[in-house]
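> for reference, the sequence and a predicted model appear below.
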Amino acid sequence: MAKLTPWESQLINVKNTCDLMGLEPAVYEVISHPKAILEVALPLKMDDGTVKTFTGVRIHHNDARGPTKGGIRYHPHLDMDTEMALAAWMTWKNAVANLPYGGAKGGINCDPKILSMGELERLTRMYASSIAHFVGVDLDIPAPDVGTNAQIMAWFVDEYYKLLGRITPGVITAKPISLGGSLGRSTATGRGCYFVTIEASKVYDIPIKGSKVAIQGFGNVAKSAAFNFHNAGAKIVAVSDSRGGVYNKEGINPYKLKDYKDKNGKVSGYPGCKEIGSIGPLTAECDILVPAALQNALTGENAGDVKAKLIIEGANGPTLPEADKIMEGKGIIVVPDICANAGGVTVSYFEWVQNRQGYYWTEDEVDQRLERVMKKAFKDLKEQSDKYDVPLRTGAYALAIGRVAEAMRFLGRI
Ligand code: GLU
């Protein structure tokens, strides 16, 4: 079977859900097309004096519920199909968390790991000025994603301020704290994964304390998730990054692993562990699996070997529809990305609110509000999955598409 692209796999979930809900055909007709796509050429003067052209993209998927919102990804294999899927997933994620936003995504097909700091800054500034008319505090609000961080947001916002001639920090989120960033934003996605796991663990009777957790990835989301599970008494048995993976059935201390990775640039070689490769955690012996790397990790080929009882999707789109079917057959519970990893954009929303008010919250206030949003999102999607007697993913899509469709009807767009 030909491998589905991320956009195709997203569309299958959307179409099946529209049919299940018996929605008017106009809903699918609108949401199966991104609203607007901007592609820009970014000819970057490299440190060695040559010029290399990168492609920058920003996609607005749907803005019925509010300004569009979503991250900026820097990755060497970024293509338009993946960007479109990522933008659509943001529409659904924002609707599941009930944030007043539509969905967007953007990125540059570059490898940030091999660019110098100077190249990265010039590329980011060029991207910001090229898409400035396409973003805005009431139009489209970017944030980090894979391969980008608070420093990149800072360069972006500085370029934007210069063009606009005004300081509007709410145009981009996950900024450094000193530029109007929110406390708790950098760890929010992993923290959110943990909050939804608390709810799921009660419903499905899979206690977190004493459980074995495998995590694919050791970037921003994975690290914060690992710390949260470890602090709650779970054992982190497997972790990986793009260069390899490690397993120890007695548990790995994620704080020590972070120190090791900071020093060595990889998790591989961490003492006392078996080497299992980058995708090893997906099929490792565990109770809870957190795929927190990239899309299309769980496929028809490896889903049959998954040992976890509960999957918390930290990444966007880690599971292909064919893998969903196999895992459903095995009774594995999957808390889908559009709920499980909504913690990041939720605190992005808090940051945007704080920027607009010019009044800043304590870390505790952020954390309590995040907990409320995540637990409510899980409860709302569980209600939909019970109503239609479908897996959690379809319940989440039903919740999201129902909310977006309602907004589109009020606006008279369908
Ligand atoms: N890139 C993150 C995501 O996929 C965060 C987006 C945001 O904060 O706008 O959810």
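Everything's here; your move.
> in the helix or strand where residue 261 lies, what counts as buried?
Assigned by DSSP states H and E, residue 261 belongs to helix 254-264. Burial within helix 254-264, assessed by neighbour count using 16 or more other CB atoms under 10 Å, is assigned to 254, 257, 258, 260, 261. (Glycine included, C-beta is placed from N, CA and C.)
> what mean pLDDT does that helix get?
In this model, helix 254-264 has a mean pLDDT of 98.
> any idea how far it is from the chain center?
23 Å (CA atoms, centre = their mean, to the nearest Å).
> packing partners for that helix?
helix 220-231, strand 235-241 (3 or more CB pairs under 8 Å, 6 or more residues apart in numbering; DSSP states H and E).
> out of the buried residues of helix 254-264, which touch the ligand?
Among those, no residue sits close to the ligand (CB under 6 Å from any ligand atom).
> for those residues, which one is nearest residue 58?
Comparing the buried residues of helix 254-264 against residue 58 with CB to CB places residue 261 closest, at 31.2 Å.
> I'd guessed that closest one sits against residue 219; true?
No. The criterion here is CB atoms under 8 Å, and residue 261 misses it with residue 219 at 10.1 Å.
> average model confidence for the following helix or strand past the helix holding residue 261?
Next helix or strand after helix 254-264 toward the C-terminus (DSSP H and E): strand 274-275. The pLDDT scores in strand 274-275 average 98.
> what of stretch 341-353?
98.
> wait, is residue 120 part of a helix?
Yes. Under DSSP: H, G, I helix; E, B strand; the rest coil, residue 120 falls within a helix.
> residue 111 is in contact with that one, correct?
No. Between residue 120 and residue 111 there is no contact, the gap being 10.5 Å when judged by CB under 8 Å.
> okay, the residue in the stretch 1-150 of the chain that the ligand sits nearest to and residue 255: tell me how far apart.
Using CB to the nearest ligand atom, the closest approach of the stretch 1-150 of the chain to the ligand is made by residue 71 at 2.7 Å. Between residue 71 and residue 255 the distance is 26 Å, computed by CB to CB, to the nearest Å.
> over to residue 307?
26 Å.
> same check, this time on residue 340
Taken as CB to CB, the span from residue 340 to residue 255 is 23 Å.
> ok, back up a step: quick check, nearest of the buried residues of helix 254-264 to residue 370?
Once CB to CB is applied, the member of the buried residues of helix 254-264 that ends up nearest residue 370 is residue 254, at 20.2 Å.
> any chance you could map the helices in this protein?
Using DSSP state H, the helices of the chain run over 6-21, 25-31, 80-96, 117-131, 150-164, 188-203, 220-231, 254-264, 321-329, 337-340, 343-357, 363-388, 392-411.
> ok, back up a step: which one's more surrounded, residue 120 and residue 111?
Set residue 120 next to residue 111 and count neighbours by other CB atoms under 10 Å: residue 120 wins out with 21 against 13.
> leaving out sequence neighbours, find the closest residue to that one.
residue 112 (6.0 Å; CB to CB, 6 or more residues apart in numbering).
> give me the pLDDT for the one you found.
Looking at residue 112, its pLDDT is 98.
> same question, residue 1
Predicted confidence (pLDDT) for residue 1: 55.
> quick check: buried residues in stretch 20-31?
Buried-residue list, stretch 20-31, by 16+ other CB under 10 Å: 21, 23, 27, 28, 30, 31.
> ugh, wrong one, I meant stretch 55-64
Quick answer for stretch 55-64 (16+ other CB under 10 Å): 56, 57, 58, 59, 60, 61, 62, 63, 64.
> still on that earlier bit, which of the buried residues of helix 254-264 lies closest to residue 172?
Within the buried residues of helix 254-264, the smallest distance to residue 172 is 26.6 Å, found for residue 258 (CB to CB).
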